[in-house]
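Novice: Coordinates for the following, if possible.
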Amino acid sequence: MAKKKQAKAKEPITIRFKKLANGNQSIYLDCYVDGKRTYEFLKLYLVPETDEAARIQNRNTLQAATALKSKRIMDIANGKAGLKKQDASKMLLSDFMDAYMNLKKAKGQSVMFANQVKHVRQHLLDYAGKNAKLSDVDKKFCLGFIEHLQSTNLSEATNHQYFSVFTCAMNEAVKDGYISFNPVTQIKNEDKIKRPESHREFLTVDELKQMMQTPCKNEAVKNAYLFGCFTGLRISDIRALKWGNIYMDGEQMRLRITMQKTRHELNQPLSAEAQMFMPVRNDKKDDENIFDLPTIASIETGLRKWATNAGVKKHLSFHTSRHTFATLSLTAGTDIFTTSKMLGHTDVKTTQIYAKIIDKKKDEAVNKIGALFK
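Specialist: Model prediction:
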């Protein structure tokens with residue numbers, strides 16, 4: 001007699017979708033545990049797949065939802081669902097940092113941030129040892145961790161970033177109910193690791209004119225760089241820019257893209273100067289790239305040679321085109337909030353760095369005038 005095939009155990013959590021009025025689909029988890037059904041809406045959304053960028057975005061979103069589903073199933077299997085505070089006191093700090101890293105990955109955080117969490121975890125192990133518990137983290141622990149970071153050969157900028165990641169992790173521990181408050185809040189500002197003054201290399205108007213008038217061995221690199229100077233787009237977005245991202249809004253040419261770094265949509269007008277450096281479309285299709293660029297290494301080498309030939313004595317990378325756009329916009333009188341939107345910044349504080357540069361230039365200009373009368 002044939003052996004009856006055993007039924008596969010049903011998973012306790014299922015990914016489901018809810019269609020929204022705007023055409024997007026909200027992703028949620030249908031959880032059935034111990035005879036009780038609950039729903040967890042993930043604040044993740046699928047968008048209509050109108051182009052390749054939307055398909056990539058949906059693929060990444062589904063991967064994030066699947067990772068969250070797997071984590072919830074593991075929580076159930078390990079008996080961690082509904083973890084009580086007294087149980088949390090036994091949690092190893094290194095295990096919590098692992099869980100925090102996985103959570104951020106599942107929510108679609110960048111690989112760079114996940115790597116930073118990994119480095120912070122290792123520094124915590126070096127500082128406190130493998131047996132340190134989450135409940136050991138208090139004001140004294142935090143001050144000691146600051147001293148540990150400052151005793152390394154890392155730059156002040158990296159130390160500041162690592163301690164910021166640690167602070168965010170402790171905020172997450174509070175939200176999850178593992179600890180009652182973040183002990184970092186007990187530390188005085190003067191005792192925290194300071195963010196070093198940021199340096200932004202950019203081209204002045206005269207330098208930009210010199211670059212425009214100087215030939216470059218690879219014209220595609222020259223056009224893409226100058227296009228960046230008049231749009232503020234990152235190299236990753238210029239590489240991904242397709243003819244389908246460009247459209248006419250009345251008499252105004254505009255671009256609409258999902259930025260590679262932040263996954264936020266950017267919709268902005270293209271100035272006449274920006275359009276000057278776009279190649280002729282001819283019969284190119286919507287899904288074809290606008291700029292045909294070599295490797296990043298080749299681009300950077302080409303930029304340096306081009307700058308040298310133009311007589312520009314600055315160490316140029318492609319990101320200087322973005323800095324140039326920001327400083328040009330603010331110098332021309334564009335308000336900081338509009339400039340922030342055009343750069344795709346999620347926090348206007350990031351844009352304020354450029355405003356400080358402009359203020360410094362104004363100070364220098366005023367002081368030069370005063371020097372004429374000495």
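Novice: Could you report the distance from the residue nearest to Thr339 when sequence neighbours are not counted to Ala157?
Specialist: Spatial nearest neighbour of Thr339, excluding adjacent residues (CB to CB, 6 or more residues apart in numbering): Ser329 at 4.6 Å. For the C-beta atoms, the positions are set from N, CA and C on the backbone; glycine is no exception. Ser329 sits 25 Å away from Ala157, taking CB to CB, to the nearest Å as the criterion.
Novice: what about those two, which has more around it?
Specialist: The residue with more neighbours, out of Ser329 and Ala157, is Ser329; 22 against 14, by other CB atoms under 10 Å.
Novice: Where do the domain boundaries of the protein fall?
Specialist: Annotated domains of the chain cover 11-80, 88-191, 205-371 [automatic domain parsing].
Novice: Could you dump those into TSV and include mean pLDDT?
Specialist: Below are the domains of the chain laid out as TSV (pLDDT from 0 to 100):
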stretch	mean pLDDT
domain 11-80	83
domain 88-191	88
domain 205-371	85
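Novice: What helix or strand is Asp286 located in?
Specialist: Under DSSP states H and E, no helix or strand contains Asp286.
Novice: Not counting its own residues, what contacts the longest strand belonging to the chain?
Specialist: If you go by DSSP state E, the chain has its longest strand at strand 36-46. Residues from elsewhere that reach strand 36-46 (CB atoms under 8 Å, 6 or more residues apart in numbering): 17, 20, 24-31, 58, 61-62, 64-65, 68, 72, 108.
Novice: Out of those, which end up buried?
Specialist: Buried subset of the contacts of strand 36-46 (neighbour count, 16 or more other CB atoms under 10 Å): Gln25, Ile27, Tyr28, Leu29, Cys31, Asn58, Thr61, Ala64, Ala65, Leu68, Arg72.
Novice: which of these sit farthest apart?
Specialist: Greatest spatial distance in the buried ones among the contacts of strand 36-46: Cys31 and Asn58, 22.9 Å, computed using CB to CB.
Novice: got the residue ranges for the helices in this protein?
Specialist: For the chain, the helices defined by DSSP state H occupy 52-77, 85-88, 93-106, 111-128, 139-150, 156-175, 205-213, 219-229, 235-240, 272-276, 296-310, 319-331, 336-343, 348-371.
Novice: so can I have TSV of these showing distance to Lys261?
Specialist: Supplementary listing: the helices of the chain in TSV, determined by distance: least, CB to CB, whole Å:
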stretch	distance to Lys261
helix 52-77	13
helix 85-88	34
helix 93-106	15
helix 111-128	9
helix 139-150	26
helix 156-175	16
helix 205-213	24
helix 219-229	14
helix 235-240	6
helix 272-276	20
helix 296-310	15
helix 319-331	11
helix 336-343	11
helix 348-371	12
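Novice: looking at the ones you listed, which is closest to Gln252?
Specialist: helix 272-276 (10.6 Å).
Novice: buried sites along the closest one?
Specialist: So for helix 272-276, counting by 16+ other CB under 10 Å, buried means Ala274.
Novice: check contacts around the residue nearest to Thr339.
Specialist: By CB under 8 Å, 6+ apart, the residues touching Ser329 are Gly232, Thr338, Thr339, Met342.
Novice: now swap in Asn309 and tell me
Specialist: So Asn309 contacts Thr214, Pro215, Cys216 (CB under 8 Å, 6+ apart).
Novice: Just the buried ones out of these, please.
Specialist: Cys216.
Novice: Excluding residues flanking it in the chain, which one is nearest Ile238?
Specialist: Ile238 sits nearest to Ala224 (CB to CB, 6+ apart), 5.3 Å away.
Novice: Tell me how many other residues surround the one you found.
Specialist: Ala224, neighbours per other CB under 10 Å, totals 25.
Novice: Tell me how far it lies from Leu255.
Specialist: Using CB to CB, Ala224 is found at 14 Å from Leu255.
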